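*Asks:* Here is my input; please provide its structure:
(2 chains)
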Amino acid sequence: MIELSVNGANLLWPGNPMLRLADFLRDQLGLTGTKIGCNAGDCGACTVLLDGQQVCACLVPMGQTDGCTVETVEALADRGALSALQAAFLRHGAAQCGFCTPGILMAAVALLQHTPNPDAAQVQDALGGVLCRCTGYRKIIDAILDVAAHPTAADSAGNGVGARRPRVDGAAKLTGAEGFGADLLPEADALHLRAIRSPHAHARFTMGDLTAFRAAHPAIALVLTAADIPNNLYGIYPDGKDQKVLADGYVRHLGEPVCALVGPAPALAAIRDADLPITWAELPPVAFTATSPALHPHAAGNILCQGRVARGDPAQGFAAGAVHAQVALQTGLVEHAYLEPEAGFAERVGDRIEITACTQTPYMDRDELALILRLAPAQVRIIPTAVGGGFGGKLDLSVQPLLALAAWRLRQPVRWVYSRAESMLATTKRHPSRITAEAAADASGHLTALRFHGDFDTGAYASWGPTVANRVPVHATGPYRVPHLLCTSTAWYSNGPPAGAFRGFGVPQAAIAAEALMDDLADRLGQDRLAFRRRNALGVGDATATGQILGAGAALPHCLDALAPRWAALRAEVAAFNATNTVLRRGVGVACMWYGIGNTSMSNPSAMRIGLTAEGQCILFSGAVDIGQGSNTILRQIAATALGVADDAITLVTGDTDRTLDAGKTSASRQTFVSGNAARLAAAGLRAELLRRANAGPTARITLGAGVVEILDHGTRHLLDLSQFPAEEGLVLDHIGQFDPPTTPLTADGQGVPYASYAFAAQLALVEVDTRLGTVRTLRIVAAHDVGRAINPTLVEGQIHGGIAQGLGLALMEDYVPGRTDNLHDYLIPTIGDIPPIETILIEQPDPLGPYGAKGVGEPALVATAPAILNAIADATGARITHIPATPERVLAALPR
Amino acid sequence: MSRYFRPDRIEDVSAALATGGCLLLAGATDHFPTRGDTPHAIIDLSRLPGLRAIERRGDHWWLPCLATWSDVIAADLPPQFAGLQAAARQVGGVQIQNRGTVVGNLCNASPAADGIPCLLALDATVVLSSGRAVPVDQFVRGPRHIDLAPMEFVLGLRLPHQPGARAGFLKLGARRYLVISMAMVALVADMQQGRIVQARIAIGACSARAQRLPALEAELCGQIPSADLVQPHHLAPLTPIDDVRASAGYRRHAALELVRRAVAGLA
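*Replies:* Numbers count the residues shown, from 1 in each chain, chains lettered A, B, ... in the order given. Predicted coordinates for the structure are as follows:
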């Protein structure tokens, strides 16, 4: 019998002494604030205090807790009042998705117990064992350093658009109350699901007779194979579906599911893959850019699709150039590495199926599952859980189809939580790329021509490959005026993991090439690299590569102007350092980026509904999934401003496809811009309706009361008694706002208006290279971002910080190898010690179409960082790294001898 | 369910080991990642009394089997342990340092174990419950392979007291925290009037098990520390491999540079 105290309560545990403390807390006590991100001590998400010391609860056997005290995140708040540390996190926006937050908080508590006034280095040492993929860590450091200074929570001044409002879901994320995919359970006991996955990248297989297997494993309630899938074909694009829920005799990537077992968890765990009657015939893997054998009947030569943007006469443009630069580079597989492995459950309710799981795109899930299950969309309900990071990786279906089918067949809830290894093995990656590009400029420093070709490895299945192939050529010039250009892309099938959506859709890879060219051209002309970019920067009235004339709000010139003094100062700092150092060399790099908001030349509407109940409660029904980026908070601020009330007067209902309208997917940096407009229009419509009913003017002030709305118009007070209105679906008044960004199809030469709005940015990176080891330390990032209008500056900065951290990882360390790095100790993402101080400069030139002028920032945050760092390495050492990431080994090999 | 035994007397461990087939557990940080949740017969050593405190015992120091990395960091130790303490701060994150033990790291016998080069440089002797005492370079036989009889467990480590000795540890990884090294070097040296009297240098993550560099150690005697003293041929005992972290060639290059820096750091 083990005796322990958990959050002050004395407990006895008569069970398995080798049960992990994390499982005990979650499964036995329901303390799901303690998260399991890797179950191997690699991520620290499960950090709790054991006798006051921070430990990974996933590595502590219950036997070792005998006589000990355990404190979890649930103990921090006192009767709902956040602790000073939690309040600081809320104030600073130090939690985004919130999945790592409990572990981060507990590590910080351990630090502050013995070091109440730590410095930044002490915070980094104390938190070095917890990974965060969203925040870039700097706001976490700021929050912890600020606890002592501001021991009590101070609410931010202001409200609505432009205010640094605390995250609306922040308290839940900070107390452990937030329900992620693995935290929510069905009311009835659930069976578990396990997939049997291919051990080969390319193979044929036969599934033998399962009778003997079933007889030998009576606890297994259901065995699913390809034959059981009603419509075994799915995919992102309506006309390009190529992926099977369960493979049918042929697998195209390592980890492709071939069979699913449903039963009690212990029975599933006891089964070995080899117990299934599967006979494998391995085939040679088809490499990236291999034209045969064809992996799909519809894709001769393994080409999924191609993209093209052409303008002017490149031959003439190159001939007009005084200097010429070229670059060839390659990038590898990058894993999203959100800390929350995919998880959820499904249950059948009458003739409907309900899926509660983490997702970035509830309505796409609903429609796709309806197709797979051969049900009507109305028979499928998607209830998104809180999402512990997505970054594009949770746009594709993961647990949903097999859960839905199993629960449908068994009429019993079925649950599935991916392990870390399964999450990394089974889900999409960033497209590997091979890029060649060249550019020319005239003697005055104006670009005259640019050619670009990118091959992108979409792996076994299309997923979002077409999106990458279409988006890349549009952006491949970088945010510059180029009169003559030809930019092409090819998406290739291979036996690699399916490459899908990942923050930037291929643009981050392409930007590395364009920004290398800009440095090279400037150097050849003997011109300042930043000034060269400024001279060619796209601005208001300029034509893009697709011939689109940019309207108001295209603010790259402002970004570069804002950076210019920092650039000069950093250049001087670097020169002074290098004058006295030979082994360590510093360099500063600059890179620009642009990013079209929303889908490329495709409709991507959003609809939002806002309404009032008879009791006077105002509810915003938002189908936009907040994956940590903050859309719940942003949309509420926008709606509040448009309605003319305080934002905390609005309650949110989010996600659930039964309760909200289709806001489209959380991708392409579109929720602020697209759904923000829908929320603005909905709230403005409701305001107009209220004013009309009170016969009040447009400047009237609205106050929501209990069952009444008070409208004050030039000293006249109107009271609307809400109980007098008929209620429909619980609402007495409501309004729906819809927005679809205006775009046009592109011609065969890629000419047209692919996006209604573009975000621009320029970043500086200061690095230090150890020229004997090839190691690179990033010392500082300065990021100037054209955001149109910062609806919530704290959240915008948070997006920029997090994007920079992922860009740094892309540049320096992230390299996924299927079957070899399916964990968080071999696949390296930046730790709290790898992200330098970041200065963010928000450029606010309102976009005429954006809600209150706002644009998206989610993906733009990432794009410029890797090229800025790589350019800084070149500045420091003369080494142009063309095989990304710039590992110490590659940097060393590239150093001039 | 696992058979689980957590004795509070050393003699009970021996009795339990006699039943056979038992796995030993101390900080458990390597247990779950390598063995998962498969049920095993477990002898959990973590409650044994008197096996936690690091202390001086006459001509040597005693580092018992339950001393964690955090204990090493917190202990008031002479400069000869500066390398081991530096390694302790770089093992995983604080969570791992609080639970993981130095002896457990040794017994896990990973080629990239942070502790083993330090123990080699400290000339550690492994003291076993059977009464055997085995020098650490003989105790580690290969990757995941140690000289431990079925009836034995490690009581602790005996480390010669070297008053005035200097020590260093350099670990090369691709990120700041939570990193498995591509190469590392540990060094302990006696110095007299600016010259090296005796040095022990060990390299980790560059061969199946961490290696001392005897030829270099011999040549360093009597020298004023300088990076030039270290030449590529001194690293001949290393047999680095290519893996996801680095190539063999890079490991060899990096190891040379790290040793040069460690030696130069004695000046």
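
*Asks:* residue contacts, whichever residue of chain B sits closest to chain A?
*Replies:* Nearest residue of chain B to chain A: residue B:93, at 1.6 Å (CB to the nearest CB). Yep, even glycine has a C-beta here, placed from its N, CA and C like the rest. By CB atoms under 8 Å, 6 or more residues apart in numbering or on different chains, the residues touching residue B:93 are A:44, A:107, A:127, A:128, A:129, A:130, B:177, B:178.

*Asks:* likewise residue A:688?
*Replies:* By CB under 8 Å, 6+ apart, the contact list for residue A:688 is empty.

*Asks:* And the pLDDT for it?
*Replies:* Residue A:688 is assigned a predicted lDDT (pLDDT) of 98.

*Asks:* how about the residues of the stretch 51-200 of chain B near chain A?
*Replies:* By the rule CB under 8 Å from any CB of the partner chain, the part of the stretch 51-200 of chain B lying against chain A is B:70, B:89, B:92-96, B:98-99, B:172, B:174-180, B:182.

*Asks:* Narrow those residues to those in helices?
*Replies:* Using DSSP state H, B:70, B:89, B:94, B:95, B:96, B:98, B:99 are the members of those that sit in helices.

*Asks:* I'd like the residues you listed as JSON lines, with pLDDT, distance to residue A:668 and neighbour count appended.
*Replies:* Output for these, formatted as JSON lines (pLDDT from 0 to 100; distance: CB to CB, whole Å; neighbours: other CB atoms under 10 Å in any protein chain shown):
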{"residue": "B:70", "pLDDT": "98", "distance to residue A:668": "46", "neighbour count": "19"}
{"residue": "B:89", "pLDDT": "97", "distance to residue A:668": "43", "neighbour count": "18"}
{"residue": "B:94", "pLDDT": "98", "distance to residue A:668": "39", "neighbour count": "27"}
{"residue": "B:95", "pLDDT": "98", "distance to residue A:668": "37", "neighbour count": "32"}
{"residue": "B:96", "pLDDT": "98", "distance to residue A:668": "39", "neighbour count": "25"}
{"residue": "B:98", "pLDDT": "98", "distance to residue A:668": "43", "neighbour count": "25"}
{"residue": "B:99", "pLDDT": "98", "distance to residue A:668": "43", "neighbour count": "26"}
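
*Asks:* sorry, back to before: can you pick out the most distant pair from the contacts of residue B:93?
*Replies:* Of all pairs drawn from these, the greatest distance, 12.4 Å, lies between A:107 and B:178 (CB to CB).

*Asks:* What's the separation between the closest residue to chain B within the stretch 601-750 of chain A and residue A:431?
*Replies:* Closest contact between the stretch 601-750 of chain A and chain B, by CB to the nearest CB, is at residue A:628 (21.3 Å). Going from residue A:628 to residue A:431 by CB to CB, to the nearest Å gives 23 Å.

*Asks:* Neighbour count for the two, which is higher?
*Replies:* residue A:431 (36 against 31; other CB atoms under 10 Å in any protein chain shown).

*Asks:* Which residues are in contact with the more buried one?
*Replies:* Listed by CB under 8 Å, 6+ apart, the contact set of residue A:431 reads A:456, A:457, A:458, A:465, A:468, A:491, A:499, A:502, A:506, A:509.

*Asks:* Show the backbone phi and psi for the residue of chain B closest to chain A.
*Replies:* Dihedral angles of residue B:93 (phi, psi; degrees, to the nearest 10) stand at phi -110, psi -180.

*Asks:* With residue A:865 instead?
*Replies:* Torsion angles, degrees, to the nearest 10, at residue A:865: phi -70, psi -50.

*Asks:* Check residue A:251 too.
*Replies:* The phi/psi pair for residue A:251 (degrees, to the nearest 10) is phi -120, psi 150.

*Asks:* and it, what are its bridge partners?
*Replies:* residue A:203 (DSSP bridges).

*Asks:* sorry, back to before: wait, doesn't the residue of the stretch 601-750 of chain A closest to chain B sit right on residue A:134?
*Replies:* Yes: taking CB atoms under 8 Å as the definition, residue A:628 is a contact partner of residue A:134 at 4.9 Å.

*Asks:* so what's in contact with those two at the same time?
*Replies:* Counting by CB under 8 Å, 6+ apart, the residues touching both residue A:628 and residue A:134 are A:96, A:97, A:389.

*Asks:* Any chance of those in CSV with distance to chain B, neighbour count and secondary structure as columns?
*Replies:* Shown next, in CSV, are the shared contacts of residue A:628 and residue A:134 (distance: CB to the nearest CB, whole Å; neighbours: other CB atoms under 10 Å in any protein chain shown; DSSP: H, G, I helix; E, B strand; the rest coil):
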residue, distance to chain B, neighbour count, secondary structure
A:96, 20, 29, coil
A:97, 20, 30, coil
A:389, 18, 26, coil
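
*Asks:* for chain A, which residue is closest to the average position?
*Replies:* residue A:391 (1.7 Å; CA atoms, centre = their mean).

*Asks:* Helix or strand: which one has that residue?
*Replies:* Using DSSP states H and E, residue A:391 sits in no helix or strand.

*Asks:* OK, contacts around it?
*Replies:* Shown in contact with residue A:391 (CB under 8 Å, 6+ apart): A:133, A:336, A:338, A:502, A:503, A:627, A:806.

*Asks:* likewise residue A:226?
*Replies:* A:207, A:232, A:244, A:245, A:246, A:247, A:248, A:249, A:258.
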